[in-house]
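# Sequence and predicted model, in that order:
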Protein chains: 2
Amino acid sequence: MAIYVTGHSNPDTDSVTAAIAYAELLKAGGEEAIPTMQGEMNPETITVLDRFGFSPLEIMTDATGKTIALVDHSDLNQAPDNLSADSVVAIVDHHKIGDVTTNNPIFCCTKPVGCTGTILKQMYDAQGVAVDPKVAGLMLAAILSDTVNFKSPTCTDEDKKAVAELKEIAGVTDTEELFMDMLKAKSTVEGFSANDLLNRDYKDFDMNGNKVGCGQLELATLDQVADIRDDLYNAMKEQKAAGGHHTILLMLTDVMKEGTQLVVLSDDDSVVEGAFDSKLDGNSMWIPGMMSRKKQTVPNMQKAFGC
Amino acid sequence: MAIYVTGHSNPDTDSVTAAIAYAELLKAGGEEAIPTMQGEMNPETITVLDRFGFSPLEIMTDATGKTIALVDHSDLNQAPDNLSADSVVAIVDHHKIGDVTTNNPIFCCTKPVGCTGTILKQMYDAQGVAVDPKVAGLMLAAILSDTVNFKSPTCTDEDKKAVAELKEIAGVTDTEELFMDMLKAKSTVEGFSANDLLNRDYKDFDMNGNKVGCGQLELATLDQVADIRDDLYNAMKEQKAAGGHHTILLMLTDVMKEGTQLVVLSDDDSVVEGAFDSKLDGNSMWIPGMMSRKKQTVPNMQKAFGC
C-alpha cells in the first residue's frame, strides 16, 4: 500500500519539499510513496519548485483509509483529517513533540535543528542513498528558508553542514542569491488580501485549553505592509470571531533588521505582554531578535499560559 | 543541569540497561547525565546488572524540577510523576508513539525494532562513540530478553545485527548461556508458594457464562516445577473451589522448547481437549508452539465455549 507523505496544513517550503525528499528516500528503500501537500503552495514554495523543475504536488487532506508519513509536524491539528492511530507509519520533524499517537511502533525521528530538510539529508547519508541534485536543491532552499539564511536562533551547525553538502550536490554556487529570490517571492504582498497574508504562514495551538493562533509574515522591510496594517488587524478580528480564539498574534518579521513587530489581538493583552516582557504600543510591539515562531513566540506564550 | 535518564515504571531489563547506555552516550557528548529507574529491579535485571558489574540505579519517580530523557517508553502513564512538557529533552523508544508531548523541539528516535538497546547501538555508531564493553553486555542482554532470544515476532534483522556487534564488544561468546542465565532468574520458583506461582501471572475470564481462570509460568525447563506439580494442582483445586470456576488452566511454558505443558482442572475435560485438539495425559497435555495466553490459549478456549 502506497505511503502518502505529507507536511503540515497550510504548507510552507519545508513541508512541501520534505514530502518530496522523504518520498524519494522511501522509494529508494523499495516503498511505494506519494508526496502530497495539504493545501495550495505559498509564493516562496511556488518559486522553489519552479526553480528546481518540480510540478505542484497532489493535495491530500483526508487520511481515511490511507497509510501516512508525516513530515515537518507531529500535531493532530496540523495533520490531515481523520488521521487514526493506525494510519501513521513514520514521522520526521524538527518541531516540538505533538499529540499524534500510534497503535504500533513506527519510525520517528525528530531533532532540534532548523529544518526537516537537514534531518532528511542525515537520513539519506545514514542509509547510503545519494540525493538527486534537483531534490538537493529543494532541501537546500528549505533549510535557507527555515533558518532565514542562518539568522534564525533555530539554526544549528547541522543545518549549516547540510547546506554546504546540498549546495554541492545541487550545483548551487550562490546561496545568497537563492535566499533573496525566495525572500522576494515570500514577502510579496501585492495582489494578496489581508486574510491571505494573515494565513500565509499561520498555525493554531492549544495552550492549556486556550486557542491561540499565530501567523508570520517575513518581510524584507516593514514598509512593505505599512499601508495595510489596519486591514491585517481587521482580518485578525474576523479570524478570532470565527475561530473563538483567546489570542491571535501576527508576527511581522523584518528579516534584514532581525526583529518582529508583533501584532496582538487578545482577550487578555497582559498575558502576551508578560510572555515577551514588553508593552503594547497601540496593538503591537517591536521585539528585537524575534525571528522564530517555533523557538521564541510559541514557547514564551506556552509558558505564559502555564503549559 | 543534569539529565535524568529513565525507563518506564515497573522496570524491565531494557528499561534499566537503556537508561545506563543512553546516559553514557549523553556523557560522551559532554552532557551531565544520571541513569535512574522508577522502581525495584526484577530478578532478571538484578542478574544482568550483577553479571556485568553494575550497581542498582538510583530510583527516581518524580520529575518535578528535573530535566528528563525517556527511554523504552513515551506514554505519560509509564513516565515519572509530574512530567511536564518542559522537562523532557529526549526520547529513545521502540514502542508505539505515546502521549508525551513537549513545548520545544527535542531529540526523539523511535523505531519498530525489538529493543531500545538496538536503537542505542545505532546511535552510538552514528555519533562515532565506542560502546564500553560492560555497557555493551547490558545492551546485549536487553536485546536477548526483549526478543526472547530472537524468537519473538518483534525481533528484526537490526536486532540480530546489534547482538552480533555487541557480543564482540562485550566479549560474550555464548549468548545462549547468557539468555538461559536470564531466563533462569526470571523463572525462579524457589521461595514461592504454589499459590504464589499459580497467581504470578493469572487472569479470570467469562466465557459464555462459564468462569475460566488461566495462569502462566514462563520456565527455562519444565524440570523447574517437576517437584511441585502436585502442589500446583492442589492450589488450582483450592482456587477452583473458592472461585466456582468451570475450568482453571495453568500454562507451564517452556521458553526453550517453545511449547506449553497445559495443566487442566475442569468440569468438562472434553471442552479443553477440543479447544486444543489434543488429549489429556493425566491432568495435563503438551501443546507445541503455545507461548501466548492472549494470542493462543484464550482465543481457543473462547471458541470452544462458543463465544
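Arrived safely, thanks for sending. Numbering: from 1, shown residues only, chains lettered A, B, ... in the order given.

# and A:Lys203, what element?
strand A:202-207 (DSSP states H and E).

# Is chain B within reach of that strand?
No: Strand A:202-207 stays clear of chain B (C-beta under 8 Å from any C-beta of the partner chain), getting no nearer than 9.7 Å. Yep, even glycine has a C-beta here, placed from its N, CA and C like the rest.

# Could you check the angle the helix or strand following that strand makes with strand A:202-207?
Once strand A:202-207 ends, the next helix or strand along the chain (criterion: DSSP H and E) is strand A:210-219. Orientation check (axes from the mean of the first three to the mean of the last three C-alpha atoms, to 10 degrees): strand A:210-219 against strand A:202-207 gives 150 degrees.

# Run the chain-centre distance for strand A:210-219.
11 Å (C-alpha atoms, centre = their mean, to the nearest Å).

# rewinding a little: ok, the strand holding A:Lys203: who's next to it in the sheet?
strand A:210-219 (antiparallel) (DSSP bridges).

# Give me the residues contacting the partner strand.
Strand A:210-219 is contacted by residues A:148, A:183, A:186-187, A:189, A:197-206, A:225, A:239-240, A:243-255, A:260, A:293, A:297-298, A:301, A:305 when judged by C-beta atoms under 8 Å, 6 or more residues apart in numbering or on different chains.

# go on, stretch A:154-165?
Stretch A:154-165 has contacts (C-beta under 8 Å, 6+ apart) with A:94, A:111-115, A:117-118, A:121-122, A:139-140, A:143-144, A:146-148, A:150, A:175, A:292, A:294-295, B:105.

# How far does that stretch sit from its chain's centre?
With C-alpha atoms, centre = their mean as the basis, stretch A:154-165 stands 17 Å off its chain's centre.

# mind listing what's buried in that stretch?
A:Thr154, A:Cys155, A:Thr156, A:Glu158, A:Asp159, A:Ala162, A:Val163, A:Glu165 (16 or more other C-beta atoms under 10 Å in any protein chain shown).

# Let's see which of these end up in strands.
Residues of the buried residues of stretch A:154-165 located in strands (DSSP state E): none.

# could I get those as CSV with pLDDT?
Below are these laid out as CSV (pLDDT from 0 to 100):
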residue, pLDDT
A:Thr154, 92
A:Cys155, 96
A:Thr156, 98
A:Glu158, 98
A:Asp159, 98
A:Ala162, 98
A:Val163, 98
A:Glu165, 98
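
# Spell out which residues of chain A are next to chain B.
Contact residues (C-beta under 8 Å from any C-beta) of chain A with chain B: A:85, A:88, A:91, A:94-113, A:126, A:154, A:294-295, A:298-299, A:302-303, A:307.

# Which neighbouring residues are in contact with A:Glu238, exactly?
A:Asn195.

# can you tell me the helix or strand for it?
With DSSP H and E as the test, A:Glu238 turns up in helix A:229-243.

# chain center to that helix, what's the gap?
With C-alpha atoms, centre = their mean, you get 21 Å for helix A:229-243.

# Mind giving me the packing neighbours of the next helix or strand after it?
Next in sequence after helix A:229-243, counting helices and strands by DSSP H and E, comes strand A:247-254. Applying 3 or more C-beta pairs under 8 Å, 6 or more residues apart in numbering or on different chains; DSSP states H and E, one finds that strand A:247-254 contacts strand A:210-219, helix A:229-243, strand A:259-266, helix A:269-276.

# Repeat the analysis, applying 6 Å as the threshold.
The contact analysis (3 or more C-beta pairs under 6 Å, 6 or more residues apart in numbering or on different chains; DSSP states H and E) places strand A:247-254 against strand A:210-219, helix A:229-243, strand A:259-266.

# Let me know the pLDDT of the nearest residue to A:Trp286 once chain neighbours are set aside.
Once flanking residues are discounted, A:Trp286 sits nearest to A:Gln261: 5.4 Å by C-beta to C-beta, 6 or more residues apart in numbering or on different chains. Note for A:Gln261: predicted pLDDT of 98.

# check contacts around the closest residue to chain B within the stretch 201-307 of chain A.
Sorted by distance to chain B under C-beta to the nearest C-beta, the residues of the stretch 201-307 of chain A start with A:Gln302, at 5.0 Å. Going by C-beta atoms under 6 Å, 6 or more residues apart in numbering or on different chains, A:Gln302 touches A:Met207, B:Asn103.

# How about the secondary structure of it?
Look at A:Gln302: counting by DSSP: H, G, I helix; E, B strand; the rest coil, its state is helix.

# From B:Asp254, how far out is it?
Using C-beta to C-beta, to the nearest Å, we find A:Gln302 at a distance of 53 Å from B:Asp254.

# Which elements pack onto the least confident helix or strand in chain A by mean pLDDT?
In chain A, no helix or strand scores lower on mean pLDDT, DSSP states H and E than helix A:175-186, which sits at a mean of 92. Judged by 3+ C-beta pairs under 6 Å, 6+ apart, helix A:175-186 is in contact with helix A:43-51.

# Can you name every helix or strand that the helix it packs on contacts?
Helix A:43-51 is packed against helix A:13-28, helix A:175-186, with contacts defined by 3+ C-beta pairs under 6 Å, 6+ apart.

# Buried deepest among those helices, which one?
Across the helices and strands packed on helix A:43-51, averaging neighbours per residue (mean count of other C-beta atoms under 10 Å in any protein chain shown) puts helix A:13-28 on top, at a mean of 26.

# Kindly provide the whole-number mean pLDDT of that helix.
Taken as a whole, helix A:13-28 carries a mean pLDDT of 98.

# State the next helix or strand along the chain beyond that helix.
Going down the chain from helix A:13-28, the next helix or strand is strand A:33-37, by DSSP H and E.

# Provide the secondary structure category for A:Ala130.
Following three-state DSSP, the label given to A:Ala130 is coil.

# quick one: it from chain B, how far?
According to C-beta to the nearest C-beta, to the nearest Å, A:Ala130 and chain B sit 19 Å apart.

# Now that residue: closest residue in space, sequence neighbours ignored.
A:Tyr124 (7.5 Å).

# Quick one: classify the one you found as helix, strand or coil.
Of the three states, A:Tyr124 takes helix under three-state DSSP.

# ok, it - how many residues close by?
Applying other C-beta atoms under 10 Å in any protein chain shown, we find 25 residues neighbouring A:Tyr124.

# got it, and the one 4 residues further on?
Residues within reach of A:Gly128, counting by other C-beta under 10 Å, total 7.

# Please report phi then psi for A:Gly65.
Backbone torsions of A:Gly65, given as degrees, to the nearest 10, read phi 70, psi 0.

# And for it, the neighbour number?
Around A:Gly65 there are 9 other residues, counting by other C-beta under 10 Å.

# same question, the one 4 residues further on
A total of 26 residues lie near A:Ala69 under the criterion other C-beta under 10 Å.

# Confirm it sits in a strand?
Yes: per three-state DSSP, A:Ala69 lies within a strand segment.

# Against chain B, how distant is it?
Between A:Ala69 and chain B the distance is 13 Å, computed by C-beta to the nearest C-beta.

# what's across from that residue in the sheet?
Beta-bridge partners for A:Ala69, by DSSP bridges, are A:Val5, A:Ala90.

# pull the CA atoms of stretch A:245-252 into CSV?
What follows is stretch A:245-252, C-alpha atoms only, in CSV (Å, rounded to 0.1, in the frame of the first residue of the first chain):
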residue,chain,number,x,y,z
HIS,A,245,-9.5,32.2,19.8
HIS,A,246,-8.2,33.5,23.1
THR,A,247,-5.4,35.3,21.2
ILE,A,248,-4.3,35.8,17.7
LEU,A,249,-0.8,37.0,17.0
LEU,A,250,0.7,38.2,13.7
MET,A,251,4.5,38.3,13.5
LEU,A,252,5.6,41.0,11.0
